[in-house]
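Peer 1: based on what follows, work out the 3D shape:
(2 chains)
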Amino acid sequence: MRLWLRRLRVMTAKELLQLSRDPVLLIILAWFFTAEIYIAGSGISMSLKHASVTVVDLDQSEASRELVARFRQPHFDVRETGFSSRAAAAMLDRGERMLLLEIPPGFERDLEAGRAVEVQLQADTTNTVLGTLATSYAAQIVGRYATDRALDELGIGDLQLAAMPRIEERRRVWYNPNQVDPWFMSISELMTVITMLSLMLPAAAAVREKERGTIEQLAVSPLTPFQILFPKVIAMTLAILAGTAVALFGILLPVFEVPVKGSLPFFFAVTALYALAVSGLGLFIATLSRNLGQVSMLVIVVLMPMLLLSGAWTPPEAMPWLLRRLMVISPLYWFIELGYGILLKGAGLEVLWDSVLGLAVLGSLLFAFGVFRFRRQFG
Amino acid sequence: MNRARILAVASKEWREILRDRLFFTMAFGVPLLIMLVLGYGLSLDVENIPFAVVDRDRSELSRDYVHQFSDSRYFDLLGYARDERELARLLADSRIRLGLVIPDRFQERLQGDRPVEVQALIDGMFPYRAQTTKGYLAAIHAELNRELLVEFLGRTRGMTPERAAERVAPVRLEQRYLFNQALESDWSMASGLMMLVLMVSPPFLTALGVVREKESGSIYNIYASTVTRGEFILGKLIPYVGVSCFNILVLWWVATRIFGAPFKGDPLFFYLASVVYVICTAGIGLLVSILVRTQVAAVLLTMVITFIPSMLYSGLLVPVESMSREAQLQAHLFPPFWYLQIAWGSFLKGLGWERLWSQTALLAGYAAVLWTLGLSLFHKRPKR
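Peer 2: Residues are numbered from 1 along each chain as shown, chains lettered A, B, ... in the order given. Prediction:
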């Protein structure tokens, strides 16, 4: 047993040494865990800000001006009020404006006469996020205007409101009350980076030995396949954990002020578990391929769907049913729940045990499969 | 430049691609596969938001109220919770994204013409989803309140329902979605994914092609041969650019036929612009291959340079308009941003050469810079 451990230790040291002797790789690693996360967290947001609106006001009345005035910053930015629908539509076509609000002639007159009027909103929805948010906000603004107007016309004040059937909504947004984008973005990016590296590094380390023929040396040594492969995974996981620590204490906490509610040791433990699970997948890829060209192609095949479908960048609920079920086999799916759960939501093992278990089962399956394939090739 | 030598290098490279079966299959298969999987699954729609309810009233009205949510395609009822503690637990576990608390005497108060207060707890982890959820909530409540008011006016002021409805909602908003009438995120996605796939796959192919020779040492044959560096690089990259040019057609076919995205623009122009884009992204791979020595580093560096710009800075997922000034500037520096305008312009807006020439020219300029840089940095006498 002591010999077994020593072999493991020696091999791990060898892997770490090998890693430390590739300066370009180290620079890339450092870049990934600092600049990359900073860039993604600082500039990127998925909120509606300053959406350009062009207004065609064919009524030019007090009522129409009041409605337009409600399209305010920070969500909307009314650039101009014109009279020609044609010119405004052309601007929309050219992509210079995102929204066109058209108020029909006789708007105020109809309102005062108690007739319902229709205002029209045209939206450039090429970008789904903006399209969804802009139309939803616009509907809210017009809806509120209509209600205010109606209550006013009907002579219903605050006092009468208390004697009417109404549903009032008290909403609270938890974990991120002001919807600060950098919190979400930086954590997502950190997870993306961890995923990329823990998939790529062990796979590359394993296949490199194959490509150069040094695997033959290892195969004739007294090491078992597990002892050859596991140190690679340990070494890479250590490197990734170190990187995660740098990202967390160097960028996430001081720069973006992400509030960490849960236990950090728990987070690191989960990260290690995750890195191991993904490494298993990487090793499996390494056994399938003969050179790094093949490895990287396979890595892309696995990585892109994993990153984009597990919920790191898009809401996963709207995916087709089949894919949502299939995402259970993506380790990132579990890691996202765990990562956000621990960092932002402050959840502990008593809540997250099922995700931890899922990740552990998936990880050991992947890992065992990788070792099994490797043994078949070199045993 | 000697054409025969360029062709010789190109045919050698092509043969190498052909003989590596797995690599060959994947050079064509990977773009297709990614396009299919992501096109099918990637969606920014906020729908089926799982929610749970604490119903303290358990009346007919409160059940109707919950139905307003569960019947819409935006919400998906997970079940009833006992108390707020359980809601909090479900939220922390990400099982639900929204929790509703209906107070006791909900029905009694509404029927007695009194306002009621409903509590909504929203998971703010993903800001975009939280904001959209807030919008849906507001819309549902506004509609319910209008109905309540119509009924109230009919009862107290004797208005007919039609008349009351008109008085209660004097202004209606008619919305029209341009370019993507159904607000189908599939259409935007499928055409946008061409940008993503063509940004990622050509650089990988080219970078690996060159670095592989460096790492295995076979590049010394080139160093010692009469092939000039220009001939080598051109010959080396022609097969990879060729593969990607073929892939453009396949991807276009998938986007229009399988995902049903309308193509309203000029096919020839779009194809040529795509070829320019591919040459440009292949140039990125070339530059990467010159900077690094090992294939691992090449792959990782290519990921850094291609993944993030195409996923986050192109405008596909994250709208460029709402980025900070610095980030917007950054977005304009990457080719995917320009190509996405070409792709969306050609697919959804039916724009052609006359409106998209500047974007294409920019890409061409970008490609020229990358290739010149690559050519001048590649030396047959390495300094090591």
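Peer 1: what comes up buried for stretch A:13-30?
Peer 2: Within stretch A:13-30, the residues that qualify as buried are A:15-16, A:19, A:22, A:24-25, A:28-29, counting by 16 or more other C-beta atoms under 10 Å in any protein chain shown. Glycine gets a C-beta too; all of them are placed from N, C-alpha and C.
Peer 1: residue B:234 touches residue B:7, doesn't it?
Peer 2: No: judged on C-beta atoms under 8 Å, residue B:234 makes no contact with residue B:7 at a distance of 9.9 Å.
Peer 1: tell me how chain B divides into domains.
Peer 2: The record assigns chain B these domain ranges, following automatic domain parsing: B:3-42+B:181-377, B:49-168.
Peer 1: now, which of the buried residues of stretch A:13-30 lie within helices?
Peer 2: If you go by DSSP state H, the buried residues of stretch A:13-30 have A:15-16, A:19, A:24-25, A:28-29 in helices.
Peer 1: which member of those residues is positioned nearest residue A:352?
Peer 2: Of all these, residue A:352 sits closest to residue A:29, with 28.4 Å by C-beta to C-beta.
Peer 1: I'd guessed residue A:185 sits against residue A:47; true?
Peer 2: No: the pair residue A:185 and residue A:47 does not pass the contact test of C-beta under 8 Å, sitting 11.2 Å apart.
Peer 1: which of the two has more neighbours?
Peer 2: residue A:185 (25 against 18; other C-beta atoms under 10 Å in any protein chain shown).
Peer 1: residue of chain A closest to chain B, please.
Peer 2: Among all residues of chain A, residue A:43 sits closest to chain B, at 2.4 Å; criterion: C-beta to the nearest C-beta.
Peer 1: longest helix of chain A?
Peer 2: Looking across chain A with DSSP H, the single longest helix is helix A:181-212.
Peer 1: what comes up buried for the helix or strand just after that one?
Peer 2: Once the chain leaves helix A:181-212, the next helix or strand it forms, by DSSP states H and E, is helix A:214-220. Within helix A:214-220, the residues scored as buried using 16+ other C-beta under 10 Å are residue A:215.
Peer 1: could you give the angle of the following helix or strand past helix A:214-220 to helix A:181-212?
Peer 2: Using DSSP H and E, the helix or strand that follows helix A:214-220 towards the C-terminus is helix A:225-247. With axes from the mean of the first three to the mean of the last three C-alpha atoms, to 10 degrees defining the directions, helix A:225-247 sits at 150 degrees from helix A:181-212.
Peer 1: ok, helix A:225-247 near chain B or not?
Peer 2: No: Helix A:225-247 lies out of reach of chain B by C-beta under 8 Å from any C-beta of the partner chain, never closer than 11.1 Å.
Peer 1: packing partners for whatever helix or strand comes next after that helix?
Peer 2: With elements assigned by DSSP H and E, the helix or strand that comes after helix A:225-247 is helix A:264-288. If you count contacts as 3 or more C-beta pairs under 8 Å, 6 or more residues apart in numbering or on different chains; DSSP states H and E, helix A:264-288 packs onto helix A:181-212, helix A:225-247, helix A:292-309, helix A:331-343, helix A:349-378.
Peer 1: tell me how far the ends of stretch B:78-97 are from each other?
Peer 2: Stretch B:78-97 has an end-to-end distance of 10 Å (C-alpha to C-alpha, to the nearest Å).
Peer 1: if I read this right, residue A:123 contacts residue B:177, doesn't it?
Peer 2: Yes: with contact defined as C-beta under 8 Å, residue A:123 reaches residue B:177; the gap is 5.7 Å.
Peer 1: give me the common contacts of these two.
Peer 2: Common contacts of residue A:123 and residue B:177 (C-beta atoms under 8 Å, 6 or more residues apart in numbering or on different chains): A:131, A:135.
Peer 1: more neighbours: which of the two?
Peer 2: residue A:123 (25 against 17).
Peer 1: ok, the host helix or strand of the more buried one near chain B or not?
Peer 2: Residue A:123 belongs to strand A:117-124 when assigned by DSSP H and E. Yes: counting by C-beta under 8 Å from any C-beta, chain B is contacted by strand A:117-124 at A:117-124.
Peer 1: flag whichever of those residues scores worst on pLDDT.
Peer 2: Lowest pLDDT among these: residue A:124, with 81.
Peer 1: what residues does the stretch 201-350 of chain B have near chain A?
Peer 2: So the stretch 201-350 of chain B meets chain A at B:201, B:204, B:208, B:212, B:215-216, B:291-297, B:299-301, B:303-304, B:307-308, B:311-313, B:315, B:317-319, B:321-324, B:326-328, B:330, B:341, B:344, B:348-349 (C-beta under 8 Å from any C-beta).
Peer 1: show me those that map onto strands.
Peer 2: Judged by DSSP state E, the subset of these located in strands is empty.
Peer 1: as CSV, the buried residues of stretch A:13-30 with distance to residue A:131 and pLDDT would be great.
Peer 2: What follows is these, written out as CSV (distance: C-beta to C-beta, whole Å; pLDDT from 0 to 100):
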residue, distance to residue A:131, pLDDT
A:15, 49, 87
A:16, 49, 89
A:19, 45, 85
A:22, 45, 80
A:24, 42, 80
A:25, 41, 83
A:28, 36, 85
A:29, 38, 88
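Peer 1: can you redo those residues as JSON lines with distance to chain B?
Peer 2: JSON lines is the format used below for these (distance: C-beta to the nearest C-beta, whole Å):
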{"residue": "A:15", "distance to chain B": "13"}
{"residue": "A:16", "distance to chain B": "15"}
{"residue": "A:19", "distance to chain B": "10"}
{"residue": "A:22", "distance to chain B": "6"}
{"residue": "A:24", "distance to chain B": "4"}
{"residue": "A:25", "distance to chain B": "5"}
{"residue": "A:28", "distance to chain B": "5"}
{"residue": "A:29", "distance to chain B": "8"}
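Peer 1: possible to save those as JSON lines with distance to residue B:30?
Peer 2: Formatted as JSON lines, the buried residues of stretch A:13-30 follow (distance: C-beta to C-beta, whole Å):
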{"residue": "A:15", "distance to residue B:30": "28"}
{"residue": "A:16", "distance to residue B:30": "32"}
{"residue": "A:19", "distance to residue B:30": "27"}
{"residue": "A:22", "distance to residue B:30": "26"}
{"residue": "A:24", "distance to residue B:30": "25"}
{"residue": "A:25", "distance to residue B:30": "24"}
{"residue": "A:28", "distance to residue B:30": "22"}
{"residue": "A:29", "distance to residue B:30": "25"}
